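> Predicted coordinates and the sequence they were generated for:
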Amino acid sequence: SIVGKYDTFIGYYNDAMHKALMEEQEIAGEMNTALRNKEFVIYIQPKFDLNTFGVIGAETLVRWKHPEKGLIPPIKFIPIFEKNGFITELDMYIFEEVCKTLRGLLDKNVPIVPVSVNLSRADIYKPDLCEFIVDVMARNNLDHHLIEFEITETSYTQDSEQLINIVNRLRELGFAISMDDFGTGYSSLNMLSEVPVDVLKIDMRFLKNFNDADVKSKNIIHFIVYMAKWLNLPVIAEGVETLEQVEYLRSVGCYNGQGYFFAKPFPIEEYEERVSNVTFAAPAVSYNIEDII
Ligand code: C2E
Ligand code: MG
Ligand code: MG
Ligand code: MG
């Protein structure tokens, strides 16, 4: 009967919801202890010049080294922390740890590249965000050009004024800002026209099913690169996994990339041994617009 089906549906729905809620509560309940116990660990993934294969920078990515559950990827806990507000505390912790690590490397004369830290949209509401960032940089005696911030456009829906405010201040302070996951948000072009950024990161979804049959994704990449040139913005492609993709990106004028083809993210402690034998390069930003039409 209808009633029977309805009951079953409600029951099923409640079970799934209940399980998700329990998981969320469990994660939220453990987050403060996890922070104290240093269970959040920092991975780093280099960014490359697609012509010379030199390293131009690196991005830090958090993982949760859970004592029982093992290494938990950010997708499992970042959305929960974005909901309950803990994300900003975590992001500031990551940022500070990254700064300490860079200071340690500099003290050992290890060559370093600019390192980017992901910021969540929620972080812009931290009242003393810029002051905190400047203070951490000063305490570690780091040049502002050594740190960049990646801001995802995905959650751009409201309060662009506050976002523009923060981005302007950070840029005035000498920090570069990347627009992360470009092409996937609700209002990519709107954000691009309103928020002054230094780099466009092309979301990896366009490279995901990369093959000759997927002409659409290829053309979208081509278009984004072309548009970025008109806006005088350097671009970098995320999720580069094959040489074929490298060659395609180069052919349309995208000269920077990041992905498993070059290096998977690795623990930041391994930075010294992993980068000691690589070549460094300045980001490829010079190009002729005619090259890519
Ligand atoms: P994102 O900032 O766009 O980072 C790129 C993601 O792509 C990372 O996933 C990276 O491991 C993955 N990736 C890199 N190259 C490849 C590739 O060739 N193939 C594939 N399939 N994947 C690749 P990850 O580390 O799981 O992070 C996911 C997202 O979580 C990040 O996306 C970022 O939005 C967020 N996130 C990570 N760390 C932090 C953090 O410290 N703070 C904040 N607020 N968000 C973070
Ligand atoms: Mg990022
Ligand atoms: Mg991204
Ligand atoms: Mg992202």
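Cool, the structure landed. Ligands and ions are numbered 1, 2, ... in the order given.
> can you count the residues close to the closest residue to ligand 3 within the stretch 1-150 of the chain?
Among all residues of the stretch 1-150 of the chain, E150 sits closest to ligand 3, at 7.2 Å; criterion: Cβ to the ion. (Glycine included, C-beta is placed from N, CA and C.) Neighbour count for E150, taken as other Cβ atoms under 10 Å: 19.
> Also A122?
When neighbours are defined as other Cβ under 10 Å, A122 has 17 of them.
> Let me see the contact set for it.
Neighbour list for A122: E82, G85, I87, T88 [criterion: Cβ atoms under 8 Å, 6 or more residues apart in numbering].
> can we see that at 6 Å?
By Cβ atoms under 6 Å, 6 or more residues apart in numbering, A122 lies in contact with E82, I87, T88.
> Then N32?
Applying Cβ under 6 Å, 6+ apart, we find N32 in contact with no residue.
> what do you get if the cut-off is 8 Å, keeping everything else the same?
Residues near N32 by Cβ under 8 Å, 6+ apart: F86.
> Doesn't L200 belong to a strand?
Yes. Using DSSP: H, G, I helix; E, B strand; the rest coil, the assignment for L200 is a strand.
> and it, bridged to which residues?
Note on L200: beta-bridge partners by DSSP bridges are M179, V235.
> Could you report the neighbour count for it?
Per other Cβ under 10 Å, the neighbour tally for L200 reads 25.
> gap between it and L146?
According to Cβ to Cβ, to the nearest Å, L200 stands 21 Å off from L146.
> I112: how many residues sit nearby?
Number of residues near I112 (other Cβ under 10 Å) recorded here: 20.
> Which strand or helix spans it?
Applying DSSP states H and E as the criterion places I112 outside every helix and strand.
> correct me, but it touches L106?
Yes. Under the criterion of Cβ atoms under 8 Å, I112 makes contact with L106 at 6.5 Å.
> quick one, what contacts the residue nearest to H222 when sequence neighbours are not counted?
Distances taken as Cβ to Cβ, 6 or more residues apart in numbering place V252 nearest to H222, at 4.4 Å, with adjacent residues excluded. Contact analysis of V252 by Cβ under 8 Å, 6+ apart lists I221, H222, V225, Y226, I292.
> quick one, phi psi at V252?
Main-chain torsions, V252, degrees, to the nearest 10: phi -100, psi 10.
> So it versus ligand 1, what's the distance?
V252 sits 18 Å away from ligand 1, taking Cβ to the nearest ligand atom, to the nearest Å as the criterion.
> so how far is ligand 2 from the residue of the stretch 1-150 of the chain closest to ligand 3?
According to Cβ to the ion, to the nearest Å, E150 stands 4 Å off from ligand 2.
> part of a helix, is that residue?
No. Assigned with three-state DSSP, E150 falls outside any helix and is strand.
> Can you verify my assumption that it contacts A58?
No. Under the criterion of Cβ under 8 Å, E150 is not in contact with A58, lying 11.5 Å apart.
> For this protein, which segments count as strands?
With DSSP state E, the ranges of strands along the chain come out as 40-49, 55-66, 70-72, 115-119, 147-152, 176-182, 199-202, 235-238, 256-258, 266-267.
> what would the ones you listed look like in CSV with distance to D214 and mean pLDDT?
Formatted as CSV, the strands of the chain follow (distance: least, Cβ to Cβ, whole Å; pLDDT from 0 to 100):
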stretch, distance to D214, mean pLDDT
strand 40-49, 23, 97
strand 55-66, 26, 97
strand 70-72, 32, 96
strand 115-119, 28, 97
strand 147-152, 24, 94
strand 176-182, 18, 94
strand 199-202, 15, 95
strand 235-238, 15, 96
strand 256-258, 18, 97
strand 266-267, 30, 97
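> can I get those strands in JSON lines with distance to K216?
Shown next, in JSON lines, are the strands of the chain (distance: least, Cβ to Cβ, whole Å):
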{"stretch": "strand 40-49", "distance to K216": "26"}
{"stretch": "strand 55-66", "distance to K216": "27"}
{"stretch": "strand 70-72", "distance to K216": "34"}
{"stretch": "strand 115-119", "distance to K216": "28"}
{"stretch": "strand 147-152", "distance to K216": "23"}
{"stretch": "strand 176-182", "distance to K216": "17"}
{"stretch": "strand 199-202", "distance to K216": "15"}
{"stretch": "strand 235-238", "distance to K216": "16"}
{"stretch": "strand 256-258", "distance to K216": "20"}
{"stretch": "strand 266-267", "distance to K216": "33"}
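> Much appreciated, bye for now.
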